[in-house]
Structures are given as structure tokens and as C-alpha cells.
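Undergrad: A predicted structure for the sequence below; I have some questions about it.
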Amino acid sequence: MAAAPKKAPPAAKSPAKKKAAAKPAVKAKPAAKAKPLSTPSPGALAPLPDRQAKARAVIKALRAEFPDTQCSLDHGDGWQLLVATILSAQCTDARVNQVTPGLFKRFPKPADFAKAPIEEIEEAIRSTGFYHNKAKSLQGAARALIEHHGGKLPEDIDELVKVPGCGRKTANVVLGEVYGKPAGVVVDTHVGRISRKLGLTDQDDPVKAERQLNECVPQADWRDFGHLVIDHGRKTCTARGPKCDDCGLFRWCVTRA
Ligand code: SF4
């Protein structure tokens, strides 16, 4: 059997071919820059002038949707509003409104709260929850007003926040409704939650959130901003299931779904 012919060795590359092989591959075109979002990403707070413009636009949209916005806690005077606001902690305004008529019938004035046995106040407000602490706050507030302010509500926030049970939120509610001059935006859990969604604040702490909101919400709107945002939170942006498809604030929201 004849032997198969040997394969010729591969030809050596010419210098020209070597050069061509060494040539680097053509550079890929840099990817086009991503279009900036019309709203900042969650967590990134926009510059103050942008937040001020956004706050004005949000207020305008909400005023159109809720032209009759107002405090949803029933009250006849400042003291009753203070009581209702203290009771509204961790409780719905609707429940508080069910409780307060009977409460004020039984204890019409701060002096009646001040001298009542604490168990009787507890019993009267039991259904609003946390009734031991709330009763203590109500009686403490009544005694403080009688002792230091002649039974009247002070108009100064620094004095008001010294009243037992009255934090900045409650003080701003009372100052806004009773005297028409809140010291800042009312920040409850709903106002804080929705303001963060809108990129108007990045703070969880209500006092820090209030400071940021005071900078971007016009002072003339400090009182109504809280009412409007709470209305929006009840109707559309609920904590459990925001209806983003039906939301009039969709374009300004940084966490829209
Ligand atoms: S778009 Fe959605 S998350 Fe944003 S404010 Fe409206 S309902 Fe709330």
C-alpha cells in the first residue's frame, strides 16, 4: 500500500498580513446618553426652586380637585380642636368625631377635664385607642392651660408645644385653624408619606420633613396643604393601594406605579 503524501506546512504570513491582523477592532459607537427623567429618582431631592415650583403645581391641582377642603375634625372652639387632635393619634377622624360630642357633653370645659377622675375620661375616649395615655394628656393639657394660660390656648408655638400631648403637628393644626397662623405645614403620617412620594421632602422625621416643606410650600398655603394632601391620601393615594392610574399628581410623583 502506497504511503499518503505528507501535508505541506502552512505558509508563513506576509508582513502585510501580519500588520492587518494586528489592527485593533473598530471601536463601537458609545451608547446614546439615557434621556433624563422628567422627575428625579426616588431619594434624590431636586433643587429648592424646582421643589417650590412643584409644590405650587401640586397645590393648584389639589385645590381644583378639593375646592372645599377643610379640617375633618369636628370642633366648636380651640380647646375642642386640641382635644380632638390629641384623640386622633393612631385613630381615624371619623371615630374621633363619633366620640367627641358625648365627651364634650360630659366635660364641657378644660376645668371639667382638670378635676374629673381620670378613669371617667378614659372610659369616655376608650374607643379611640391608647386611652390611658390620651386621658393623661387631656387632663394634663387642661391643667396646664388653667395654670399657665388662664384657661386659653397660647398663640405661640413655643408655648403650645409645652402643653402635655401637644407636639408640633397638633400645635400647627390648632394655630392654623384657630388663629389662622400655623408655624409650619402640618405633617402627619399621610402628609409625610405623600410628600416623600412627590419628592418634596426626603425626611422620615416629621420635624425635619416640616422644615423642608416649609421651604417649598408658600406660607399662605401652609394650613391648607395638610388638608389637601390628606384629602388626596383618602381618595387616591391610600397607604395600602394607591390608584396611580387615576392620580392627578401622577406627573409629579417619583414613586408612581
Ligand atoms: S402617582 Fe400613585 S403613588 Fe404617586 S401620588 Fe399618585 S397615587 Fe400616590
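TA: Noted; the coordinates are in hand.

Undergrad: check contacts around the residue nearest to residue 52 when sequence neighbours are not counted.
TA: Using CB to CB, 6 or more residues apart in numbering and skipping residues adjacent in sequence, the residue nearest residue 52 is residue 216, 4.7 Å away. C-beta: built from backbone N, CA, C; applies to glycine. Residues counted as contacts of residue 216 (CB atoms under 8 Å, 6 or more residues apart in numbering) are 48, 51, 52, 54, 55, 200.

Undergrad: now render the residues you listed as CSV, adding distance to residue 92, secondary structure and neighbour count.
TA: As requested, the contacts of residue 216 are arranged in CSV below (distance: CB to CB, whole Å; DSSP: H, G, I helix; E, B strand; the rest coil; neighbours: other CB atoms under 10 Å):
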residue, distance to residue 92, secondary structure, neighbour count
48, 35, helix, 11
51, 30, helix, 21
52, 32, helix, 16
54, 29, helix, 19
55, 27, helix, 22
200, 25, coil, 27
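
Undergrad: from those, which single one is nearest the ligand?
TA: Using CB to the nearest ligand atom, residue 200 comes nearest to the ligand of the contacts of residue 216, at 11.0 Å.

Undergrad: what sits against that closest one?
TA: By CB under 8 Å, 6+ apart, residue 200 lies in contact with 51, 54, 55, 58, 212, 213, 216, 217.

Undergrad: now the phi/psi pair for the last one, please.
TA: This points to residue 217. Dihedral pair for residue 217: phi -90, psi 130, per degrees, to the nearest 10.

Undergrad: hmm, it is touching residue 57, no?
TA: No. The criterion here is CB atoms under 8 Å, and residue 217 misses it with residue 57 at 11.7 Å.

Undergrad: which of these two has more neighbours?
TA: Each of residue 217 and residue 57 has its neighbours counted (other CB atoms under 10 Å); residue 217 has more, 25 against 14.

Undergrad: distance of residue 151 from the ligand?
TA: 42 Å (CB to the nearest ligand atom, to the nearest Å).
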